[in-house]
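A.B. asks: sequence? don't have it. structure:
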């Protein structure tokens, strides 16, 4: 529970703020283009599809790789450097099960939930931006936003972030748990955790999207 | 080494290297149950490695290590876990879990490894913290403890499972003489009242002479002297004679 709180609850402000900002900025960008083609009514639909399909899952994954991945890497590396992991082993407690498993599980469980917050914050940011431009009502914005969205557009991309969470948990735990460079290793573990898990998330995203298209052909736009 | 005469700890021809650096070379010694061994030597001569080998936190390259009747170099993880429960380890910097309170640090192994009820765990933690003079500090985080308090807290955690063998790595390093003497007194109490076998790595000759029944002197990875203080003073090794001398600067 402590790890879920650390990974999930404490990441919420970053996720919500980023979602709001991204939603606002994206609407500002798409508006000028869509208005040119007389398709401004499509803005909520585009916004929802973009966030639920790709922006929400990927950005939430990358943000968590930065905030949580670096934290896990640094904490475990510090525990290794200060002999806390040896201390756990000396008490006949399996340090891997005690330290690594809860962190990986927390990342796997928290990331899909955080992705939902990211998606809806993005929609809210988009609505606020649209409201100030066109005074659209909230009900109409939501109706348009979800008019083209299928369950497969929503469930599969959200659940794929569990894989991102697994990548963040495993990669950052690996770099933190296995460091043997003392205090210097703490910074290195944090940096490597962020860089490698971010790269793997982007790579996994490509593979998972191909997989989702294969399993749910109707979700391919 | 059978029956009642079996020592608590035996090292047989143990060697350990880290890369090209040979840290321990063909080390053999035995510590009788209920006695205190102080391991002396200059920095980087493999003293702390000896304790970590005994706790099986690292593996020897050669040789055998016995903890009572168990040859730990041949044990699997579940066997090691059983043997580790016989031992308590006071780390040089205490190695307290910095995200847990002092109470949680001590209660953790009791929760995980015993069938004690919550009341029994509370009572055990209170008793052990009382022994080291930290009963009123149990809700503090490790970061808020002084160096001496951290050492005592580390000792309390090492003692909470009532180990038969206590390992202490530099228990008095960084402490003033009075606090160091308090730690030494706790180690002596453990040995005399509970018949715990104690292995102490230290640079504090005065403390070593207070706590130790036996002394092992390491120099450049070799065990150059082993025996009582009087025997070390008559050793052929000049390093050993210097290290055991209280008057050595």
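C.D. replies: Looks like it arrived, so ask away. Predicted model, so just to flag it, every value in this text is computed and none were measured. Residues are numbered from 1 along each chain as shown, chains lettered A, B, ... in the order given.

A.B. asks: helix, strand or coil for the closest residue to residue A:160 other than its chain neighbours?
C.D. replies: Closest residue to residue A:160 apart from its sequence neighbours, by CB to CB, 6 or more residues apart in numbering or on different chains: residue A:208 at 4.5 Å. Quick note: C-beta positions are derived from backbone N, CA and C, even for glycine. Under DSSP: H, G, I helix; E, B strand; the rest coil, residue A:208 falls in the helix class.

A.B. asks: so what's the residue count around residue A:208?
C.D. replies: Each residue near residue A:208 was counted by other CB atoms under 10 Å in any protein chain shown, and the total is 19.

A.B. asks: does it touch residue A:159 like I think?
C.D. replies: No - Residue A:208 is beyond contact range of residue A:159, at 9.5 Å (criterion: CB atoms under 8 Å).

A.B. asks: quick check: which element contains the residue minimising distance to the centre of chain A?
C.D. replies: By CA atoms, centre = their mean, chain A has its centre lying nearest to residue A:60, at 2.1 Å. Here residue A:60 sits within helix A:56-64, counting by DSSP states H and E.

A.B. asks: elements contacting that helix?
C.D. replies: Applying 3 or more CB pairs under 8 Å, 6 or more residues apart in numbering or on different chains; DSSP states H and E, we find helix A:56-64 packed against helix A:12-36, helix A:101-134, helix A:151-177, helix A:182-215.

A.B. asks: mind listing what the most centrally placed residue in chain B touches?
C.D. replies: For chain B, the residue nearest the mean C-alpha position is residue B:167 (1.3 Å; CA atoms, centre = their mean). Residue B:167 makes contacts with B:51, B:54-55, B:87-90, B:158, B:199-200, as judged by CB atoms under 8 Å, 6 or more residues apart in numbering or on different chains.

A.B. asks: the residues you listed, buried ones only, as a PyMOL selection?
C.D. replies: The PyMOL selection below is limited to those of the contacts of residue B:167 classed as buried (16 or more other CB atoms under 10 Å in any protein chain shown):
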select buried, chain B and resi 51+54+55+87+88+89+90+158+199+200
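
A.B. asks: any chance of the contacts of residue B:167 in TSV, with secondary structure and pLDDT too?
C.D. replies: Compiled in TSV, the contacts of residue B:167 are given as follows (DSSP: H, G, I helix; E, B strand; the rest coil; pLDDT from 0 to 100):
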residue	secondary structure	pLDDT
B:51	helix	94
B:54	helix	94
B:55	coil	93
B:87	strand	93
B:88	strand	93
B:89	strand	93
B:90	strand	92
B:158	helix	92
B:199	strand	95
B:200	strand	94
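
A.B. asks: my read: residue B:90 touches residue B:169, true?
C.D. replies: Yes - using CB under 8 Å, residue B:90 makes contact with residue B:169 at a distance of 6.6 Å.

A.B. asks: tell me the helices and strands packed up against the helix or strand hosting residue B:216.
C.D. replies: Element membership of residue B:216, judged by DSSP H and E, is strand B:214-219. For strand B:214-219, the packing partners by 3+ CB pairs under 8 Å, 6+ apart come out as strand B:21-31, strand B:36-41, strand B:222-227, helix B:229-233, helix B:238-244.

A.B. asks: how is chain B divided into domains?
C.D. replies: As given by automatic domain parsing, the domain ranges for chain B are B:1-86+B:164-173+B:195-249, B:94-162.

A.B. asks: could you tell me the least trusted of those domains?
C.D. replies: Lowest mean pLDDT within those: domain B:1-86+B:164-173+B:195-249, a mean of 88.

A.B. asks: what segments of chain B are helices?
C.D. replies: Using DSSP state H, the helices of chain B run over residues B:47-54, B:77-84, B:102-113, B:118-131, B:147-159, B:177-194, B:205-211, B:229-233, B:238-244.

A.B. asks: phi, psi for residue B:20 please.
C.D. replies: phi -80, psi -10 (degrees, to the nearest 10).

A.B. asks: near chain A, which residues of chain B? Just list them.
C.D. replies: B:52, B:55, B:57, B:77, B:81-82, B:84-85, B:87-89, B:91-93, B:95-98, B:108-109, B:112-113, B:157, B:161 (CB under 8 Å from any CB of the partner chain).

A.B. asks: out of these, which end up buried?
C.D. replies: Looking at the residues of chain B next to chain A with 16+ other CB under 10 Å, the buried ones turn out to be B:52, B:55, B:57, B:81, B:84-85, B:87-89, B:91-93, B:95-97, B:108-109, B:113, B:157, B:161.

A.B. asks: would you mind listing what in chain A touches chain B?
C.D. replies: Proximity of chain A to chain B, by CB under 8 Å from any CB, involves residues A:79, A:82-84, A:86-94.

A.B. asks: just the buried ones out of those, please.
C.D. replies: Burial by neighbour count, judged by 16+ other CB under 10 Å, picks out A:79, A:82-84, A:86-93 from the residues of chain A next to chain B.

A.B. asks: now, the most widely separated pair of these?
C.D. replies: Comparing all pairs in those by CB to CB, the longest separation belongs to A:82 and A:92, at 19.7 Å.

A.B. asks: okay if I get the helices and strands packed on strand B:214-219 as CSV plus mean neighbour count and distance to residue B:66?
C.D. replies: Shown next, in CSV, are the helices and strands packed on strand B:214-219 (neighbours: other CB atoms under 10 Å in any protein chain shown; distance: least, CB to CB, whole Å):
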stretch, mean neighbour count, distance to residue B:66
strand B:21-31, 18, 8
strand B:36-41, 26, 14
strand B:222-227, 20, 16
helix B:229-233, 16, 23
helix B:238-244, 19, 25
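
A.B. asks: can you tell me which of those is nearest to residue B:179?
C.D. replies: Proximity to residue B:179 (CB to CB) singles out strand B:36-41 among the helices and strands packed on strand B:214-219, at 18.3 Å.

A.B. asks: adjacent strands (with direction) for that closest one?
C.D. replies: strand B:197-201 (parallel), strand B:214-219 (parallel) (DSSP bridges).

A.B. asks: possible to save those as TSV with distance to residue A:25?
C.D. replies: Output for those, formatted as TSV (distance: least, CB to CB, whole Å):
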stretch	distance to residue A:25
strand B:197-201	60
strand B:214-219	65
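
A.B. asks: and the helices and strands packed on strand B:214-219 as JSON lines, adding distance to residue A:99?
C.D. replies: As requested, the helices and strands packed on strand B:214-219 are exported to JSON lines (distance: least, CB to CB, whole Å):
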{"stretch": "strand B:21-31", "distance to residue A:99": "27"}
{"stretch": "strand B:36-41", "distance to residue A:99": "30"}
{"stretch": "strand B:222-227", "distance to residue A:99": "35"}
{"stretch": "helix B:229-233", "distance to residue A:99": "42"}
{"stretch": "helix B:238-244", "distance to residue A:99": "38"}
